[in-house]
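Engineer: Sequence first, then the predicted structure, then my questions.
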Amino acid sequence: MKKIFALLLVGVWLMGVVSCSDDDEPAQCPVVDDEEEVLMTDQSNVTLVNTKDIVVGAEDGDDVVFQMNSTVMTAEGRVPEATLNCCGMGALSINYEENKMDTTTHVENVTLINRGTITVHTKYLVERYQEQLQTLEDKSRPYTYFRILVMYAGERSTVINEGTINVYFDHDPSTTSTVYAMGMVAGEGSYIINNGQINFYGQGSVATRFRGMATFGNNISAFNNGVMTAEMDMVEDARMITTGGTQSNVINDGIMRMRLPGKVLCMTRYGDSNLINNNLIDITSVGMPEGYESIVTDEDHIVCAMYEPLQATRTGMPSMVNRGTINITIDESAASEPLTQGYGMFCDLMGAKAEQLEVNIINDGSINLKQNASVHFNMAEAGFVARKIAAAGACSIKLGRWHTTLRDFAQTRDLFLGKGVNMDFSGGELLLDYAADYVDGTSYSVAPEALLYDAGEGDFRYEYSGYRGLKFSAADASVVMDWDRSNRQVSLQKSN
């Protein structure tokens, strides 16, 4: 069986490296023979490298499947759950007698490197274990959902993809059990680095979820230097990089493209961590296929590049920073979900007490919004929204530098959107550029009510301060800006 063979390989390999490895350095895992490489280990301080083609979930496969007890982040906080998991390449200890992850054995300081191609198919995995998975109708089954951990390591580890990870959600689209895939996962104090490609494909189902890179540990560095894509017909919750701990770095220096329905949060942080985009994020929201209805709740039809959930348990708040390009599009087909919202940056107030947290937002790049629809969707370069349960509170926002095009903000309502917001303009600066259709010399309002659209309809707080401290500048030094302070209007003029 595959799981037994993998352990035997680890044992053979360890005997071969004990005599020559430095105690202070991870042991290198060689190719055992011309056919097989070690994919799984239950030993700490080792390095595993894959250069082959791996298939997880093949029709005749014998995959490593086990129970894991873990914690997830919800609007109510951290919630424990029991899940059935499958691992493609990993560093973990499994109690095969009980078919559970052995939490008494800590496998740490492991380096996993993929230089080959890891391909995942969900079809046969879901078919094999369907009767053990909870559904929307039956919560009595033992496992909350089925999860594929493509590359998994524990604390103080390094997980690197230099090859390709392809995940195909090709299970029965009528499945209502949650089918969940995570491309790269590591524990506290780890590095997660994508230098290759991570792709998600398929029809999926109403409860399909995925994460390109994910962790709930603290002190994580998650870097995308490669390409991450997703093109799917059905998804409940999709994220490319997400962290749940504190004091971490979530940074995109590569390319991330997503085209799918559902809740789409490209880069997220749940702790006091850096959230930075330096390159390209391109997201298109589409509708569900005919005959299927999304299970995403009304308040969660969110499409955004950078996501900030505000919870009272948090403390420090590093800036959210965009230095690259963000494109957010809502397609005509998404008209079936009229509550869909699209943002470059999005702050989500989970509880009224979290209004004590002040988020500093900076955009030195560009955020482009587009909707091809017969109905209007709320879209903005940055949105700040309090959930109904937190309606008494407000997202506390501190504006930093913000690069945008000059336009009729009062009409477009797409610069900043608030539904439960308190924005501090003092110390902020709007760097204004020419829009594609801007007519030279045209003046537009830059009053606070024009810049910050009140979408709360009187049911949520709408507050701002420090407007006199807000600066306006032309982004291009060759452009002359006229600022009519008394009428709160700005115009741009190209110099001769």
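Structural biologist: Ah, there it is.
Engineer: How about R387, nearest residue that isn't a chain neighbour?
Structural biologist: E299 (5.6 Å; CB to CB, 6 or more residues apart in numbering). The C-beta positions use only the backbone N, C-alpha and C, and glycine is treated the same way.
Engineer: For the one you found, the count of nearby residues, please.
Structural biologist: 16 (other CB atoms under 10 Å).
Engineer: What confidence value was assigned to it?
Structural biologist: Confidence at E299, expressed as pLDDT, is 94.
Engineer: Could you confirm it falls within a strand?
Structural biologist: No - secondary structure of E299 (DSSP: H, G, I helix; E, B strand; the rest coil): helix, not part of a strand.
Engineer: gap between it and N372?
Structural biologist: Note on E299: its distance to N372, by CB to CB, to the nearest Å, is 24 Å.
Engineer: Kindly report the same for V72.
Structural biologist: 34 Å.
Engineer: how long is stretch 359-375 end to end?
Structural biologist: Terminal residues of stretch 359-375 are spaced 31 Å apart (CA to CA, to the nearest Å).
Engineer: For the closest residue to S205 other than its chain neighbours, give me its contacts.
Structural biologist: Nearest residue to S205, sequence neighbours excluded (CB to CB, 6+ apart): T175, at 4.4 Å. For T175, the contact set (CB atoms under 8 Å, 6 or more residues apart in numbering) comprises V126, Q130, S205, A207.
Engineer: so is T175 in a helix, a strand, or just coil?
Structural biologist: Applying three-state DSSP: T175 is coil.
Engineer: Settle it for me: which of V72 and N372 has more neighbours?
Structural biologist: Counted by other CB under 10 Å, V72 and N372 do not tie: V72 has more neighbours, with 15 against 12.
Engineer: My guess is L369 contacts G342. True?
Structural biologist: Yes - using CB atoms under 8 Å, L369 is in contact with G342, at 6.4 Å.
Engineer: anything in contact with each of the two?
Structural biologist: I328, T329, M379, A380.
Engineer: Could you identify the pair within these that is furthest apart?
Structural biologist: Pairwise distances among the shared contacts of L369 and G342 were taken by CB to CB; the largest, 13.9 Å, belongs to T329 and A380.
Engineer: what touches both of these two?
Structural biologist: G342, L369.
Engineer: Skipping its backbone neighbours, what lies nearest Q134 in space?
Structural biologist: Nearest to Q134 is R141, by CB to CB, 6+ apart, at 4.6 Å.
Engineer: Same question for A352.
Structural biologist: A352's closest residue in space is G393 (CB to CB, 6+ apart), at 3.2 Å.
Engineer: For the one you found, list the residues it contacts.
Structural biologist: Here G393 is in contact with L349, G351, A352, K353, A354, E355, A386, G420, R461 (CB under 8 Å, 6+ apart).
Engineer: Can you select the buried ones among the residues you listed for me in PyMOL?
Structural biologist: Buried residues among the contacts of G393 (16 or more other CB atoms under 10 Å), as a PyMOL selection:
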select buried, resi 349+351+352+354+355+386+420+461
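Engineer: With distance to T83 and secondary structure as added columns, please give the contacts of G393 in CSV.
Structural biologist: Converted to CSV, these look like this (distance: CB to CB, whole Å; DSSP: H, G, I helix; E, B strand; the rest coil):
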residue, distance to T83, secondary structure
L349, 29, strand
G351, 26, coil
A352, 32, helix
K353, 30, helix
A354, 28, helix
E355, 34, helix
A386, 31, strand
G420, 34, coil
R461, 38, coil
